[in-house]
Each structure stands twice: as C-alpha cells, then as structure tokens.
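>>> sharing a model that was predicted from the sequence below.
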Amino acid sequence: MMIKKTLLLLAITSLALTGCKSSGQTNGQVTVSESPTSSAVAEPSTTPATPGAEPTTVPTKGSEGSTPLMKVITALRLADAQKGWIGGKGWIAHTDDGGGKWKVQYTGISEVRQLFALNDQDAWAAEKETGKLFSTQDGGAHWSTVGTVPNQAFLHFVSKQEAYSGNAQTKDGGVKWVKLPVPTGTQGDAYFHDGKNGWAVRQVEDTIEVLRTQDGGLNWKSVLSRKTVATLTGNVIRSAGADDAWIELIGESGMTQTSYSLFHTKDGGKSWQTVLVNSTAGGGPAPGFPTGDTSGPKNTGSKPGPLYVVNTDVAFMGGSCPACDKPNSVGWTKDGGKTWVNGTESFTGYGDLLLGMADANSGWLITNDNEQPSVMYTTGSGGVNWNKVHTFDAP
C-alpha cells in the first residue's frame, strides 16, 4: 500500500512540473544595443534590457470584461479618412466610419502615449509610463505585446519590421532597438527618416544649427545656421522624404505665450523656406530671428500646437491661445511653406489638441479639456471647414 501511495505522489509531482514548464511567460522587454560611433558624436548611456521573447496577445477587454470610458484622448492616428485609432488612459479604440462610432479594442493600465498606423490593418501603440509597445496586424481585433520603445520621441514605422523613435532603430518590429549616433550637443530628439537620412538640432552660444546625416549618423553636416536671440527650449522634426525636413524651433515662454519658428527644405538642406515666424510679447523673438523682426508668416494662437506633415508640399499646424475662450486653431501650407493660411474656425478645450491628416484635404481634430468632454471634428476641405462628429465621455 505504501509503495502505491509513493508512486501516485511521484506521478502528481511530475505532472505539476510539466505544467509549469509549458506555461512560459514573455517578458515584453527589449534589448538596446549601442551602434559604433566616431569620435565626432556623443552617445547617451543606456542600460541594456533583457531581450524580448515572442509577442503575447493582449486581451481586448478588461479583467472584468467592462468597457472603459473614453475620457481624455491622449493619442490619435488615421489609417485613412474613415479608419483610425485613438487612445487614452488604459484603452485603445477604433473607428471605421470617420469617428461617428468607436469600439474599444484594448484595455490596460497605462496611458497610451502614441499611435502609428501603416495602413488599416497594421498599427502600433506605445504606453507613456512603461514605454511598452503593442501591435496589431488585423485592424485591432487582436493586440500583442512586442517590446519596449527606448525613448519618448516620435515613433514611426517605414515597414512592418523597420521603425524609428528619435535616434533609436528597430528592424524586427520593435523587439530589439539600436541607437544611431547623433552630433555632440544635440538638443531635443533627432529624427531619422530611414536608416541613412537623419536630422538633428543644436544651439552653440548664439547660433542654432540644423545638421544632416546621409550615412546613418556616422557623419553629420551643418545645413542651416542662424543667429538667435532666443534660447532654444525644444524642437520638432518631421520628414516626408529622404531630402525633406520640416524643422520647428521652440523658444522661450512667458505670460502663457511661447515663441517658435518653422523652416522647410526639399533638397536636403541646400535651400530653406521660412514657413512661420511666431514671435510673442511674452516669449520674445522666435528662434533664429533678432528682436523686433516681424518678417515671415504668423500662425494663429500664442503657443505652438501639433505639427502634421502630409507630404513635401503640405503641412498643417495647430495653434493654442490659453487666454482665449476658444483656444484652438489650425493653419496650413500647401506649397511647401511659401504661403501660410490661417483657418477661420476656432475650438474650445484647454487641454492638448490632437491633429491627424489622411491627405491634403481629409483630417481629424480632437480637443481635450479637464472639465468638459473631448470633442472630435473632421474636415474634407483641407481645414477650411470642420464638422463635429463625436463627443466623448466627460472627464
């Protein structure tokens, strides 16, 4: 009898151990490795993380099966004029009718910081607190944990496998990332359009420089240099081609006002178009311009809003006026920055403005507020007219 009990106990133990081995967990982390640098570049230090394993499917419902309220919207991305995604604190939602109706596809804990879509099937989402990266390959029916984005820069995929976030590059869909070298003294985030072509900004004393690389960051060349009164406090870089760059320079702030300027090149920095010069009373001169210079087009608002580049000719930019009853506005250029048009409509909401365009005519705009519901508007006229299509849950 004792022998039978012993054999039974051994069998149960063996089954338990086998079950433990078969229920492996993926860690969702990512390896960040350093790429070779020359003596002319500076490389931020990082601590390599544990390599990511196979992606894990993320449930599309919360643990109790409840659908979260769609309150403050923190991220937006269109696949086309009708389909796209938005995100908030712990959720991602999708529309296929231009924003009239939304379906929550994923629920979690952290705030969604950024969304990017290659098309209406392939999209990615990055969490703010953790940097965790999720992806879908079926229009959002299933979301999977891929890895971790190593910084807070603008995330953009150029294929299902290749993506860039600042000077970080992945070639396996976001599991592993390498750092591409950037110039010494780089301020803000560098931007890589692809594996070879990148842009960076720095200020040396009273001069702001824009630098370009064509060999993946190994060598950088100054392509724009401007004397400045203002201290550079930030920048936004976008690109619609290997030789294309839109450079937004953010200056100083005061009295709810922030000064900024916007430059554009189509030929790799050989020639530049001054797109916007927004000097303000509170923030002082726009970066790259002397005191009292009023030359150049001016965007509406007293602070910069989101910049969205459609192609080498078309770009939209929001404006913010915290002291106004309707703080939000949108302007645009459709000739590469030679002329700027300020939209005549303004919108309520004292939170962050979100802007996304499917093409030169069709786009979405979402306003946020701490006390009022977020509201979505769409345009089919290139920003001339906006129609309210959805009011989200109250905060």
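That came through, no problem.

>>> which non-adjacent residue is nearest residue 268?
Once flanking residues are discounted, residue 268 sits nearest to residue 243: 4.0 Å by Cβ to Cβ, 6 or more residues apart in numbering. Backbone N, C-alpha and C define where each C-beta goes, glycine included.

>>> now that neighbour: how far from residue 296?
23 Å (Cβ to Cβ, to the nearest Å).

>>> how about residue 138?
46 Å.

>>> out of the two, which sits in the busier spot?
residue 296 (18 against 10; other Cβ atoms under 10 Å).

>>> now that one: which helix or strand?
Under the criterion DSSP states H and E, no helix or strand holds residue 296.

>>> surely it is in contact with residue 272?
No. Contact between residue 296 and residue 272 fails when scored by Cβ atoms under 8 Å: they sit 11.9 Å apart.

>>> and the residue lying closest to residue 117 once chain neighbours are set aside, its phi and psi?
Sequence neighbours aside, residue 123 is the residue nearest to residue 117 in space, at 4.1 Å (criterion: Cβ to Cβ, 6+ apart). For residue 123, the backbone dihedrals (degrees, to the nearest 10) come out as phi -150, psi 160.

>>> ok, residue 164 - contacts?
155, 156, 158, 170, 191, 192, 193, 194 (Cβ atoms under 8 Å, 6 or more residues apart in numbering).

>>> pLDDT weak spots in the stretch 1-150 of the chain?
Applying pLDDT under 70 to the stretch 1-150 of the chain flags residues 1-66.

>>> tell me how many other residues crowd the closest residue in space to residue 138 that isn't next to it in sequence.
Excluding its sequence neighbours, the residue lying closest to residue 138 (Cβ to Cβ, 6+ apart) is residue 121, at 6.2 Å. Applying other Cβ under 10 Å, we find 15 residues neighbouring residue 121.

>>> hang on, residue 121 is in a helix, isn't it?
No. Applying DSSP: H, G, I helix; E, B strand; the rest coil, one finds residue 121 to be coil, outside a helix.

>>> ok, it touching residue 141?
No. Using Cβ under 8 Å, residue 121 is not in contact with residue 141; the gap is 9.6 Å.

>>> and the pLDDT at the closest residue to residue 163 other than its chain neighbours?
Spatial nearest neighbour of residue 163, chain neighbours left out: residue 157 (4.2 Å); criterion: Cβ to Cβ, 6+ apart. As predicted, residue 157 sits at a pLDDT of 98.

>>> OK, contacts around residue 157?
116, 118, 122, 124, 163.

>>> next one: residue 69
Applying Cβ under 8 Å, 6+ apart, the residues contacting residue 69 are residue 393.

>>> next up, phi/psi of it, please.
Note on residue 69: backbone dihedrals following degrees, to the nearest 10 are phi -70, psi 140.

>>> how much space separates residue 358 from residue 103?
Distance from residue 358 to residue 103, by Cβ to Cβ: 19 Å.

>>> just to revisit the earlier point, give me phi/psi at the residue nearest to residue 163?
phi -100, psi 140.

>>> would you point out which residue is most central in the chain?
By Cα atoms, centre = their mean, the chain has its centre lying nearest to residue 154, at 3.7 Å.

>>> report the contact partners of it.
114, 165, 166, 189, 191, 236, 237, 238.

>>> what's the answer for residue 226, then?
207, 208, 287, 288, 289.

>>> and the first one, what does it touch?
Residue 207 makes contact with 225, 226, 227, 228, according to Cβ under 8 Å, 6+ apart.

>>> show me what secondary structure element comes after the helix or strand harbouring the second one.
Which is residue 226. According to DSSP H and E, residue 226 maps onto strand 221-227. With elements assigned by DSSP H and E, the helix or strand that comes after strand 221-227 is strand 234-238.

>>> name every strand pairing with that following strand and say which way it goes.
strand 245-254 (antiparallel) (DSSP bridges).
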